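K.L.:
what's the 3D shape of this:
(chains A and B)
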Amino acid sequence: MTFESPHIRVKDLNVHIGGNHILKNINIDIPDKKLTSFIGPSGCGKTTLLKTFNRLLDRNKDVQIDGQVLVDGENIYGKDIEVTSMRQKMGLLSQRPFPLPMSIYDNIAYGPRLHGTTKKKELDVLVEHYLTATGLWDEVKDRLNGSAARLSIGQQQRLCLARGLAVEPEIILGDEPTSALDPISTQKIEELFLQLKDKYTLVLVTHILRQARRLSDYIAFLYMGEIIEFGPTEDILLRPKEKLTQEYVKGYIS
Amino acid sequence: MSYKIRLLKDRLSANIFLELSLFSILTVVLIGYGLYYKSSPILQQDTLWHLLSSTEWKPFKNEFGFFSYIIGSLAVTGIAIIIALPLSLLCAIYIAEYAPHRIRQILVPLIDLLSGIPPVVYGVWGVLTIVPYIGDHIAPHFVDYSSGYCALAGGIVLAVMVFPLIVSILLEVFDTVPKELKEASLSLGATEWETTRKVVLKKSVPGIIAATVLGISRAIGETLAVLMVCGNLPMIPHSLFDSVYPLPALIANNYGDMMSIPMYESALMLSALILFVIIFIFNAISRLILYRIENRS
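P.N.:
Numbers count the residues shown, from 1 in each chain, chains lettered A, B, ... in the order given. Model prediction:
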């Protein structure tokens, strides 16, 4: 399945880690301002694929990446690419929240400060805006200078989302962002993802089929490092064409 | 094997481990008490304040003042840490955050090797290279005369000795910073250096303090290499190029030699006790700082 002007286009991507062929001939288009989910069993390569999008993968040792990942038509593995400014376009939400070792305020202000916003007034506005956007403002407005580590884990994950939004990304990558959260916090994050779909391109790795169904517009099913099937949510979950996809969504393989 | 016997073994082993742990802790207490007991004759003769603050060291006239030895120890240790800490930090940052895997595999064993070299070799190296270099090339720019056997020489030799210790502790500290935390910073568009400075170093402050204190403890107790290069004259140094006489050197040079002098043994034991207390205080302070930091976050 291809799109006319995808936000991210992956072309002939192959990833080897320590001699193992982890991703095999990946070709996929991630549509603009939609939520695309990667599903598949553990070890199928879905997180690896996600991490090729912001070039965090190639920091690890023994990683070999061949092929292209085009973001807005530009190959992020090209020679002239500025990795830091490219990464700024991609918000990342990891499996467990990792608040930076500083106050709640400084967590949000961290990115804007790096990119040149230093005036206290402007930062105040940004902090309030993004904490409000993630529903945290009322919960933390009295302890903005308190350590972010003291928040509950669900609040921390929303803080991490707010922190990512504060650098004005275009794409948000979620690597099983609710897997460490309780059901209520999970619901809050999911609601936020649904709201964010209007403004951002979202890519979500999940192993929870019901979550993929609730949130995604498109789903890609990965198995053993290959994309088996990619299409609209209903097609993949209710009318899968491939036998492997059918077995996976019915729960025969995991 | 019956259930009862297995349970008995379990309880027995727990008890044995407890007793072994208590025994090793007891050693510290016994050393402290032993030193106090041995040094009590001189403590009865003079007040503690007098012993610590006096610079008069005339064993034949029964005058024992430790001030210049204490200053000597602190000076050499201070110089060593001032030199070693920045170098160790930069080296550890490079290895942990920047160095390709292959270079790390070469560097780390080399640094470990440094800590395995016997102190006497460092001492000889100091005498052959550092001391003449300071005496001939550095000191003449600052003072009229220095033999080169001085506080600075001791500090440099000590710095080289504590460097591998601090680096290897710092490497472990940096490795405990979660990869995902660095990735979080990087994904916000931070560079590697910004991430290191604002996230990795910040997260590592307690570990850096611990490494420094261990470095100080190691440096202040180091004996042989220091006594070979720092001149061993009991005086208050007025510059980096004056001789100093650290406490461990005092003990090592004199213990067993002039025992016919009354109070001499007691005085040497007191200097050991002073060392013991200084290290104890450093450790206590670092514990306090660590406790504060952990409570704050």
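K.L.:
Across the sheet, point out what pairs with residue A:219.
P.N.:
residue A:37, residue A:231 (DSSP bridges).
K.L.:
interface residues of chain A facing chain B?
P.N.:
Contact residues (C-beta under 8 Å from any C-beta of the partner chain) of chain A with chain B: A:54, A:56, A:59, A:61-62, A:84-85, A:87-88, A:90-92, A:94-96, A:98, A:100-102, A:110-111, A:114-115, A:147, A:149, A:160, A:163-164, A:167. To be clear about C-beta, it is placed using only N, CA and C from the backbone, and glycine gets the same treatment.
K.L.:
Where helices are concerned, which of these count?
P.N.:
Within the residues of chain A next to chain B, residues falling in helices by DSSP state H are A:84-85, A:87-88, A:110-111, A:114, A:160, A:163-164.
K.L.:
Now for those: which two are most distant?
P.N.:
A:85 and A:160 (20.6 Å; C-beta to C-beta).
K.L.:
More neighbours: which of those two?
P.N.:
Counted by other C-beta atoms under 10 Å in any protein chain shown, residue A:85 and residue A:160 do not tie: residue A:160 has more neighbours, with 25 against 10.
K.L.:
ok, how many other residues are close to residue B:6?
P.N.:
Using other C-beta under 10 Å, residue B:6 has 9 other residues around it.
K.L.:
ditto for the one 4 residues further on
P.N.:
Here the neighbour count serves as a burial measure; for residue B:10 (other C-beta under 10 Å) it reads 10.
K.L.:
which residues sit against the strand or helix carrying residue B:186?
P.N.:
Secondary structure from DSSP states H and E places residue B:186 in helix B:179-187. The contact list for helix B:179-187 (C-beta atoms under 8 Å, 6 or more residues apart in numbering or on different chains) reads A:54, A:56, A:59, A:84, A:87, A:90-92, A:94-96, A:98, A:100-101, A:110, A:160, A:163-164, B:192, B:194-195, B:198-200, B:203.
K.L.:
How about residue B:293: what's its closest non-neighbour residue?
P.N.:
residue B:206 (5.1 Å; C-beta to C-beta, 6 or more residues apart in numbering or on different chains).
K.L.:
Secondary structure class of the one you found, three-state.
P.N.:
Judged by DSSP: H, G, I helix; E, B strand; the rest coil, the three-state class of residue B:206 is helix.
K.L.:
List the contacts of it.
P.N.:
Taking C-beta under 8 Å, 6+ apart as the contact definition, residue B:206 lies against B:289-290, B:293-294.
K.L.:
So which of the residues you listed are in helices?
P.N.:
Those of these mapping onto helices are B:289-290, B:293-294, per DSSP H.
K.L.:
about what we covered before: reformat the ones in helices among the residues of chain A next to chain B as CSV; add pLDDT.
P.N.:
Listed next are these as CSV, based on pLDDT from 0 to 100:
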residue, pLDDT
A:84, 89
A:85, 88
A:87, 91
A:88, 90
A:110, 95
A:111, 94
A:114, 93
A:160, 95
A:163, 95
A:164, 94
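K.L.:
Let me see the ranges of the helices in the chain.
P.N.:
Since you didn't name a chain, this refers to chain A. For chain A, applying DSSP H gives helices covering A:46-52, A:83-88, A:104-114, A:120-133, A:137-140, A:153-165, A:183-196, A:209-215, A:233-238, A:243-250.
K.L.:
Actually, chain B is the one I wanted.
P.N.:
All helices of chain B, identified by DSSP H, fall at B:3-45, B:48-53, B:67-93, B:101-116, B:119-125, B:131-133, B:151-175, B:179-187, B:192-195, B:201-203, B:205-221, B:224-229, B:247-254, B:264-296.
K.L.:
Quick check: which of those is nearest to residue A:1?
P.N.:
Comparing these under C-beta to C-beta, the one sitting nearest is helix B:179-187, at 27.6 Å.
K.L.:
separation between residue B:67 and residue B:234?
P.N.:
Residue B:67 sits 9 Å away from residue B:234, going by C-beta to C-beta, to the nearest Å.
K.L.:
pLDDT at residue B:46, what is it?
P.N.:
For residue B:46, the pLDDT comes out at 88.
K.L.:
ok, now how distant is the residue nearest to it when sequence neighbours are not counted from residue B:251?
P.N.:
Using C-beta to C-beta, 6+ apart and skipping residues adjacent in sequence, the residue nearest residue B:46 is residue B:64, 7.2 Å away. Residue B:64 sits 13 Å away from residue B:251 when distances are taken as C-beta to C-beta.
K.L.:
what's the closest non-adjacent residue to the residue in the stretch 51-200 of chain B positioned nearest to chain A?
P.N.:
Across the stretch 51-200 of chain B, the shortest distance to chain A (C-beta to the nearest C-beta) belongs to residue B:189, at 3.2 Å. Nearest non-adjacent residue to residue B:189, counting by C-beta to C-beta, 6+ apart: residue A:88, 3.2 Å away.
K.L.:
same check, this time on residue A:19
P.N.:
residue A:62 (7.6 Å).
K.L.:
Could you pick out the buried ones from the contacts of residue B:206?
P.N.:
Buried by 16 or more other C-beta atoms under 10 Å in any protein chain shown: residue B:290, out of those.
K.L.:
Nearest to residue A:45 among the contacts of residue B:206?
P.N.:
Among those, residue B:294 lies closest to residue A:45 (C-beta to C-beta), at 39.0 Å.
K.L.:
From chain A, how far off is the nearest residue in space to that closest one that is not next to it in sequence?
P.N.:
Spatial nearest neighbour of residue B:294, excluding adjacent residues (C-beta to C-beta, 6+ apart): residue B:206 at 6.8 Å. Here residue B:206 is placed at a distance of 11 Å from chain A (C-beta to the nearest C-beta, to the nearest Å).
K.L.:
So between residue B:64 and residue B:251, which is more surrounded?
P.N.:
More crowded of residue B:64 and residue B:251, by other C-beta under 10 Å: residue B:64, with 23 against 19.
K.L.:
what about the residue of the stretch 51-200 of chain B closest to chain A, how many neighbours?
P.N.:
Look at residue B:189: counted by other C-beta under 10 Å, it has 23 neighbours.
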